[in-house]
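**Q** for reference, the sequence and a predicted model appear below.
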Amino acid sequence: MFAKPPGWPLLTAFSIAALVSLWWVSAPYPYFEFRLWVILVGGALACVWVLRAVVALAINAASVWHHKFRWLLAPLIVCCAYAAVDLDVPFRVRFELSESALTAYAHAVAQSGTVSWECHQVGLYRVCWSEMTPGGGARFSVDDWSIRSTVGFIWSPAGQMPDSDVEQFDLITGPWYAWHGWDEW
């Protein structure tokens, strides 16, 4: 079994782990859980793959060479996911696909003038808290897969930032900023 090239169960596990990682880094700031996921799940999958590769090379190196494509698929999945994370592709794609819905939602929040704790699906983001900010802008949090976070977006056409619990904010594009608050860790 260990000498055989990786089959669909192991390659599926690598693919699912990569997709979950890509989704979690598509938030305005990567979640803390992302790092745990990479260490625990990624580490376990890497150990399984390395163990299988070492045993397969020791038993029949010619077979490994003959099935090199299947042996290289798992590292290729990891390298592609790493490159996408490093280049911030997941966030850029998710934000671009959601920008018009986020803008419409930000206008509605800015005009309402109230704080809302209702959850809404806005584009590809689940927004569970929103408030009007100084200068006619809006701020809202982004929550994914039962992760209650202190990250989100600030829409500020006047460039005025809230004074409250925002630890860090970075310009995304135009009036859009990503914000990160204190997450009580």
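**A** Thanks, I have the structure now.
**Q** look up the pLDDT of the spatially most central residue of the chain for me, please.
**A** Among the residues of the chain, the one closest to the centroid is residue 25, at 1.9 Å (CA atoms, centre = their mean). For residue 25, the model assigns a pLDDT of 88.
**Q** right, and it touches residue 91 too?
**A** Yes - using CB atoms under 8 Å, residue 25 is in contact with residue 91, at 6.5 Å. From N, CA and C alone the C-beta is placed, and that goes for glycine too.
**Q** what about stretch 95-103, distance to the chain center?
**A** 16 Å (CA atoms, centre = their mean, to the nearest Å).
**Q** tell me the buried residues in that stretch?
**A** For stretch 95-103, the neighbour count (16 or more other CB atoms under 10 Å) marks 95, 98, 99, 101, 102, 103 as buried.
**Q** would you map the strands across the chain?
**A** Ranges of strands within the chain are 120-122, 125-133, 137-142, 151-155, 166-173, 176-181, based on DSSP state E.
**Q** looking at those, which has the lowest confidence?
**A** Sorting those by mean pLDDT places strand 166-173 lowest, at a mean of 81.
**Q** quick one: strands adjacent to it?
**A** Applying DSSP bridges to the sheet, strand 166-173 is found paired with strand 176-181 (antiparallel).
**Q** what angle sits between the strand it pairs with and strand 151-155?
**A** What separates the directions of strand 176-181 and strand 151-155 is an angle of 140 degrees, with axes from the mean of the first three to the mean of the last three CA atoms, to 10 degrees.
**Q** residues contacting the residue nearest to residue 53 when sequence neighbours are not counted?
**A** Using CB to CB, 6 or more residues apart in numbering and skipping the chain neighbours, the partner closest in space to residue 53 is residue 71 (6.6 Å). Counting by CB atoms under 8 Å, 6 or more residues apart in numbering, residue 71 touches 5, 6, 53, 56, 64.
**Q** what about the second one, distance to residue 49?
**A** With distances taken as CB to CB, to the nearest Å, residue 6 is found 7 Å from residue 49.
**Q** what sits in contact with each of the two?
**A** With CB under 8 Å, 6+ apart as the test, residue 6 and residue 49 both reach residue 74.
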